[in-house]
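Student: Predicted model follows, preceded by the sequence.
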2 protein chains.
Amino acid sequence: MAYVNENYLKLKAGYLFPEIGRRVSVFCEENPEAAKRLIRCGIGDVTEALPLAVREAMKSAVDDLGNRDTFRGYGPEQGYSFLREAIAGDYRERGLNVADDEVFVSDGSKCDTGNILEIFGEGNTIAITDPVYPVYVDTNVMAGNTGDAREDGSYEGLVYLPCTAENDFVPAIPEEKVDIIYLCYPNNPTGTTATREQLAAWVDYANKNGSILLYDAAYEAFIQDDSVPRSIFEIEGARTCAIEFRSFSKNGGFTGVRCGFTIVPKELTAQTKDGKEVALHGLWNRRMSTKFNGASYPVQRGAEALYSEAGKAEVAALIEHYMGNAKILSDACKACGLTVYGGENAPYVWVGCPEGVGSWDAFDKFLNEANVVVTPGAGFGAAGEGYFRISSFNSRANVEEVAKRIAELKW
Amino acid sequence: MAYVNENYLKLKAGYLFPEIGRRVSVFCEENPEAAKRLIRCGIGDVTEALPLAVREAMKSAVDDLGNRDTFRGYGPEQGYSFLREAIAGDYRERGLNVADDEVFVSDGSKCDTGNILEIFGEGNTIAITDPVYPVYVDTNVMAGNTGDAREDGSYEGLVYLPCTAENDFVPAIPEEKVDIIYLCYPNNPTGTTATREQLAAWVDYANKNGSILLYDAAYEAFIQDDSVPRSIFEIEGARTCAIEFRSFSKNGGFTGVRCGFTIVPKELTAQTKDGKEVALHGLWNRRMSTKFNGASYPVQRGAEALYSEAGKAEVAALIEHYMGNAKILSDACKACGLTVYGGENAPYVWVGCPEGVGSWDAFDKFLNEANVVVTPGAGFGAAGEGYFRISSFNSRANVEEVAKRIAELKW
């Protein structure tokens, strides 16, 4: 008799975005006319064309495969050296000590942030910020790192670190000991950033307690303020306590192309139950070698092109476009008296709901009255209640239209 | 203090192919002249050009991404409907009952055969054939489904089902109860196939015992004999006990492009510890939704093209090429008195070592005397001792040269 992984049965039905999808579908069926003017600012999916440099590189790579002399079959599971070098070289240009073979190229950061749990054992206490990217939570539930779900959607056994306006959306260092901590800056969903000092406090905590920071920097390219750290490895001591996740989805428009990477420093260790230190680099290398077969060759060539002069210029233009959108959305919300966070170094605008309005109420109001899809803060965790997120991933025309409709909303 | 997954520490250092790589490197360093004539027939990696139909489809998909009106961002985690329909439609054309939404498209079968373990719980008894694709074993070790490694490289707690010439390389139905059974036909590494009756006996066993068959059909396109089943779903009753894995790596030359799929029938269930039946389709769907973000869009368009008339013709030509190679290699081995298995419905030729020659001895002899890389059978498991595998994935010229060198080998 084969047994299922019963941890899956603890999962609450609604991963946030399916529930949003369901509500939007119902609305569109019931309001076919309004559906025609629907604008989606919910899910953080890019909308603009893939850079030309990437497309040319991908097509040229496809041509390579059309000739047996330049054909490539199985690539290195860790990524081709041309891409690992480009990535690590970019870190080194910024003065950060990252070796080529500390870079593990994958088919995306969502996969990596989930799969990383495989190299950790039982008995770790997991801390997540609240609100949070739901994948961190759900993958821990699936891995058996939590207890059952509570009524409010949170899980027994997880340590939630509330991030609200009161603490500038950077969690306080916990008083209890936690073993693995997810941090994401610039933050999804709040669009806020952490200062060097705030991150240094976390690195210090982690090194003192033998904890691991899982640092998701998927949105680093959106940072406009030079004083904001772009990588956890800008913080002294991070190489002995942090893994960094990065993605080409949002800077290069790769959400459909699929490529990301993870940096695992060689000096980073965790422990066996009897106190032996084990390097996580070797474990992750083993995980990737055994359960992954490398990202697609044309995709890796496309990612490499993001580091070319032409590619960098195109990325800069994409970032400027989306950040211009963020400013328009942010200004529109401010103009009608809403309190706005984020949106300055991140593509997400995080908005406080007016007094007495819940975040799903705000979602429904936007959908029904403005025909705009936003994301209710509560969907990201209990501390997200009272906020909603507007994504700036859209065309300029759509964003200007959304701004107009925001101005017309009566709260 | 973060804890590691100590199951990883049970893994034997050598995944087979790295050890082969190491021996080949040493040989090439020590014998630079002989290294120039080295021919690799070890790892099962394709060598011929990617079909034109695939390349055109991929390039056209890249162009789609270059225009915001045809741009695609995040795709469905389960695969685009155009590809799921093409795949399921192909099954249905062969009279098999597979629904579009039972197809889960991924970035490759190696990933799927490893990741599938996530939906199964603790306490399952796992059976694998011996010899076997090492990934099945290693992923079970990593998941904690085994005990420690023994001296001979096998693991406590796994049930090994020997496949040798004596049982025609199809394992006997075990007398003990096992919960999850890996079957791979046409087989890697032996290149042999299972008859309808043999598979029916397994389906019958699985249905009676509530066991799950993990059926790897990565090599189905190489089947020449119409009486050999191409899918486990050709066997009555398989939909209540089997998951099928398929890959575009070997038929379409996708080893570097990365695409495969898994079929999970909706009526397939496993149990909770207290006896509740849970559909595996829902669990796998949840796993893929939460930990995967869909295969690359241009890659999925490339895979779709394999189902076009032009694509099918190109796949047929590739198969004919590799199977022609298999015949040449097989004939060469037979001509010098070696006993040969496989190679008729699979791209692998499985050769018995002459009396008194171990499989790593045969590997070293091929390397040193013929400058040909083969794979030692023992690397695939204890029952592979006394055999070696020759892969027919190569150019015709190389294969003809290998045949000549085989003829010159003195045993």
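Tutor: Received the coordinates, thanks.
Student: which residues touch stretch A:312-331?
Tutor: The contact list for stretch A:312-331, computed with CB atoms under 8 Å, 6 or more residues apart in numbering or on different chains, reads A:41, A:46, A:48, A:51-54, A:191, A:221-222, A:224, A:251-253, A:306, A:340, A:343-344, A:346-349, A:390, A:392-394, A:396, A:399-400, A:402-403, A:406. The C-beta positions use only the backbone N, C-alpha and C, and glycine is treated the same way.
Student: Repeat the analysis, applying 6 Å as the threshold.
Tutor: Outside stretch A:312-331, the residues that touch it by CB atoms under 6 Å, 6 or more residues apart in numbering or on different chains are A:48, A:51, A:53, A:221-222, A:251, A:306, A:340, A:343, A:347, A:349, A:390, A:392, A:399, A:403.
Student: Which parts of the stretch 201-350 of chain A are strands?
Tutor: Using DSSP state E, counting those that start in this stretch, the strands of the stretch 201-350 of chain A run over A:212-216, A:242-247, A:260-263, A:269-271, A:277-279, A:340-342, A:348-352.
Student: In TSV: those strands, plus distance to B:Gly275, mean neighbour count and mean pLDDT.
Tutor: What follows is the strands of the stretch 201-350 of chain A, written out as TSV (distance: least, CB to CB, whole Å; neighbours: other CB atoms under 10 Å in any protein chain shown; pLDDT from 0 to 100):
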stretch	distance to B:Gly275	mean neighbour count	mean pLDDT
strand A:212-216	37	26	98
strand A:242-247	40	26	98
strand A:260-263	40	25	98
strand A:269-271	37	20	98
strand A:277-279	38	15	98
strand A:340-342	49	22	97
strand A:348-352	45	27	98
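Student: export those to JSON lines and tack on distance to A:Glu6?
Tutor: Output for the strands of the stretch 201-350 of chain A, formatted as JSON lines (distance: least, CB to CB, whole Å):
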{"stretch": "strand A:212-216", "distance to A:Glu6": "25"}
{"stretch": "strand A:242-247", "distance to A:Glu6": "28"}
{"stretch": "strand A:260-263", "distance to A:Glu6": "29"}
{"stretch": "strand A:269-271", "distance to A:Glu6": "26"}
{"stretch": "strand A:277-279", "distance to A:Glu6": "28"}
{"stretch": "strand A:340-342", "distance to A:Glu6": "38"}
{"stretch": "strand A:348-352", "distance to A:Glu6": "35"}
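Student: Which one of the contacts of stretch A:312-331 is nearest to chain B?
Tutor: A:Glu48 (5.7 Å; CB to the nearest CB).
Student: List the buried residues for the biggest helix by length in chain A?
Tutor: For chain A, the helix that runs over the most residues, judged by DSSP state H, is helix A:309-335. Buried residues in helix A:309-335, defined by neighbour count with 16 or more other CB atoms under 10 Å in any protein chain shown: A:311-312, A:314-315, A:318-319, A:321-323, A:325-326, A:328-330, A:332-333.
Student: Nearest to B:Tyr3, out of the strands of the stretch 201-350 of chain A?
Tutor: For those, proximity to B:Tyr3 was assessed by CB to CB; strand A:269-271 is nearest, at 5.8 Å.
Student: just so I know, which of the strands of the stretch 201-350 of chain A lies nearest B:Cys353?
Tutor: Of all the strands of the stretch 201-350 of chain A, strand A:277-279 comes closest under CB to CB, at 38.2 Å.
Student: picking that back up, going by distance to B:Arg150, which of the buried residues of helix A:309-335 wins?
Tutor: A:Gly311 (51.1 Å).
Student: neighbours of the spatially closest residue to that closest one that is not a sequence neighbour, just the number please.
Tutor: The shortest distance from A:Gly311 to any non-neighbouring residue, by CB to CB, 6 or more residues apart in numbering or on different chains, is to A:Ala53 (4.0 Å). The burial count assigned to A:Ala53 is 22, neighbours taken as other CB atoms under 10 Å in any protein chain shown.
Student: Mind telling me what element A:Ala53 is part of?
Tutor: If you go by DSSP states H and E, A:Ala53 is part of helix A:52-64.
Student: Name all residues that make contact with A:Leu214.
Tutor: Neighbours of A:Leu214 in contact, by CB under 6 Å, 6+ apart: A:Tyr182, A:Ile243.
Student: still on that earlier bit, chain center to the longest helix of chain A, what's the gap?
Tutor: 18 Å (CA atoms, centre = their mean, to the nearest Å).
Student: can you tell me the average pLDDT over that helix?
Tutor: For helix A:309-335, mean pLDDT is 98.
Student: the inter-axis angle of that helix versus helix A:52-64?
Tutor: Relative orientation of helix A:309-335 versus helix A:52-64 (axes from the mean of the first three to the mean of the last three CA atoms, to 10 degrees): 140 degrees.
Student: correct me, but A:Ile119 touches B:Glu6?
Tutor: No. Using CB atoms under 6 Å as the test, A:Ile119 is too far from B:Glu6 to be in contact (10.5 Å).
Student: In terms of packing, which of these two has more residues around it?
Tutor: Just comparing A:Ile119 and B:Glu6: by other CB under 10 Å the higher neighbour count belongs to A:Ile119, 25 against 16.
Student: ok, the nearest residue to that one once chain neighbours are set aside - how many residues close by?
Tutor: Of all residues not flanking A:Ile119 in the chain, A:Leu283 sits nearest, at 4.1 Å (CB to CB, 6+ apart). Using other CB under 10 Å, A:Leu283 has 23 other residues around it.
Student: One more: A:Leu52?
Tutor: The local packing of A:Leu52 (other CB under 10 Å) involves 13 other residues.
Student: I'd like the distance from it to A:Glu314, if you could.
Tutor: 7 Å (CB to CB, to the nearest Å).
Student: mind listing what the closest residue to A:Arg40 other than its chain neighbours touches?
Tutor: Using CB to CB, 6+ apart and skipping residues adjacent in sequence, the residue nearest A:Arg40 is A:Val373, 4.5 Å away. If you count contacts by CB under 6 Å, 6+ apart, A:Val373 has them with A:Val24, A:Arg40, A:Gly42.
Student: got the residues of the stretch 151-300 of chain A near chain B?
Tutor: The stretch 151-300 of chain A comes close to chain B at residues A:179-180, A:210-212, A:255-258, A:270-272, A:278, A:283, A:286, A:290-293, A:296-297, A:299, as judged by CB under 6 Å from any CB of the partner chain.
Student: try it again with 7 Å
Tutor: Counting by CB under 7 Å from any CB of the partner chain, the positions of the stretch 151-300 of chain A adjacent to chain B are A:179-180, A:209-212, A:255-258, A:270-273, A:278, A:283, A:286, A:289-293, A:296-299.
Student: Got a quick PyMOL command for the buried subset of the residues you listed?
Tutor: In PyMOL, a selection of the buried entries from these looks like this (16+ other CB under 10 Å):
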select buried, chain A and resi 179+180+209+210+211+212+255+256+257+258+270+271+278+283+286+289+290+291+292+293+296+297+298+299
